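>>> Give me a 3D structure for the following:
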Amino acid sequence: MKIVLLFISTMFLMTGCSDDGNTVSGPTTSSNYVFVACEGNFGSSDGTVYVIDEYGNTSNIGSLGDVVQSVEVHGNKLFVIVNNSHRIMVYDISESGISEPGIEVLTGDSSPREMVVLNDKVYFTNWNTQDVKVLNLFTYQIESSLMLGGLPEDIITDGVNLFVSIPNLALYDQNLGSSVVKIDPVSMSVLETYEVGLGPESLLMFNDEVYIARKNYSNDWYTTYYGSSKISGGLVTSSDYGAGVACGGSILVSNNSVYRTYDGGIAPLDGNLEINALGRIGDYGSAIYHAEEINGYIWLGLTDNTVRVMNSSGEEINLYSVGAYPGDFAVWNNQD
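Reported below is the predicted structural model:
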């Protein structure tokens, strides 16, 4: 794989809006940042990462390419996958912000998707090459890969092994894949394959169990079917919600319970993986694109190019204007 190293320039200066709507400009420092992956419009190379500091100031890292798919923080590094530009960008983070232009790692037209960091290596899924690749964080070289029987999507770790969802057997096949694989990151081999139901996409590790948000489509693409599954002690349980359920693709933990995006907000799953509609918080219609819990609050990326922050009661406490299709979040906290 080709790797391009770029020189590090001066620290990024934060510019944005304060809570009273007044513009704040000039250098600032912050003990934490939230990074928002804004995909941009497919084919337009306008994907960006927005940066929100602890005071609510926002800024962004230029145009990074075609479809900014995911972001991840490890130590004082920010990793950004740019899917349709087939690259990973790496930036240094400090209290002053991020350092540009960073490091660019080209992935060889692999169509990278999601990533996780384990033992100083980035493991990331790829559609075009249908594999998991390994980026060494000491050499910034892609050192190995593991072929899989389909197009892998999400990837998580329990601290020892990797779990990867495979929602597609072929490109754009209505999510006809049905497996989650457990991978040994040392030998890069598949240890177990779990059949969890059609369309496994987002994964969540909670209490040593793997939760899976599933979604698949009818042959004509007009009907969407949803479901959830769980892997616990090697056993799989599933619940299918059927067609027409106003269910999104994000799965997260809040208040020590597992939630899915549902009907314009998030709703908890019960012990049988059924959606507790009465427990839903938030009411944003069909605009929710992604949801995560960050420091006790629910962060929502909306299709109107905003990020909304809710408390546990569903009250909106912050709103930020960002780029198109905010689809992932990552958090940096100063450890010094």
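>>> Would you mind naming the residues that bridge with Phe206?
Counting by DSSP bridges, Phe206 forms beta bridges with Glu209.
>>> Begin at 562, not 1, for the rest of this chat.
Will do, 562 is the new start, and the previous item becomes Phe767.
>>> Report the beta-bridge partners for the closest residue to Lys638 other than its chain neighbours.
Leaving aside its sequence neighbours, Lys638 sits nearest to Val651 (Cβ to Cβ, 6 or more residues apart in numbering; 6.0 Å). All C-beta atoms are positioned from the backbone trio N, CA, C, and that covers glycine. For Val651, the beta-bridge partners are Phe640, Ile664 (DSSP bridges).
>>> how about Val651, what does it touch?
Residues near Val651 by Cβ atoms under 8 Å, 6 or more residues apart in numbering: 638-641, 663-666, 701.
>>> from those residues, which single one is nearest Asn593?
Set against Asn593, the nearest of the contacts of Val651 by Cβ to Cβ is Leu639 (12.8 Å).
>>> how many neighbours does the closest one have?
Leu639 has 24 neighbours, counted by other Cβ atoms under 10 Å.
>>> Please identify, among the contacts of Val651, the one with the most neighbours.
Val641 (27 neighbours).
>>> just the contacts of Val651 now: which is nearest Ser779?
Minimum distance to Ser779 across the contacts of Val651 is 34.1 Å, recorded for Val641 (Cβ to Cβ).
>>> Need the nearest residue in space to the closest one, chain neighbours excluded.
Distances taken as Cβ to Cβ, 6+ apart place Met650 nearest to Val641, at 4.3 Å, with adjacent residues excluded.
>>> Wait, that neighbour touches Glu633, no?
No - counting by Cβ atoms under 8 Å, Glu633 is not a contact partner of Met650; they are 11.2 Å apart.
>>> These two: which is more packed in?
Taking other Cβ under 10 Å, Met650 and Glu633 do not tie; Met650 has more neighbours (23 against 20).
>>> Just list the residues touching the more buried one, thanks.
625, 640-641, 643, 663-666.
>>> still on that earlier bit, touching both of Met650 and Glu633, which residues are there?
By Cβ under 8 Å, 6+ apart, the residues touching both Met650 and Glu633 are Phe640.
>>> What does the pLDDT read for the residue nearest to Lys638?
pLDDT, Val651: 97.
>>> now the one 4 residues further on
Model confidence at Ser655, given as pLDDT, is 95.
>>> before we move on, what about Leu567?
Looking at Leu567, the pLDDT reads 32.
>>> thinking again about what came up before, kindly reformat the contacts of Val651 as TSV containing pLDDT.
Output for those, formatted as TSV (pLDDT from 0 to 100):
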residue	pLDDT
Lys638	97
Leu639	98
Phe640	98
Val641	98
Gly663	91
Ile664	94
Glu665	96
Val666	97
Tyr701	95
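>>> wait, which of these is closest to Gly601?
Closest to Gly601 out of the contacts of Val651 is Val641 (12.2 Å), distances taken as Cβ to Cβ.
>>> That closest one contacts Val612, doesn't it?
No - using Cβ under 8 Å, Val641 makes no contact with Val612, being 11.5 Å away.
>>> Need the residues touching each of those two.
The contact lists of Val641 and Val612 share Ile622, where a contact means Cβ under 8 Å, 6+ apart.
>>> And stretch 849-862, what's buried?
Using 16 or more other Cβ atoms under 10 Å as the test for burial, stretch 849-862 gives 849-854, 859-862.
>>> In helices, which of the residues you listed fall?
Judged by DSSP state H, the buried residues of stretch 849-862 include no members of helices.
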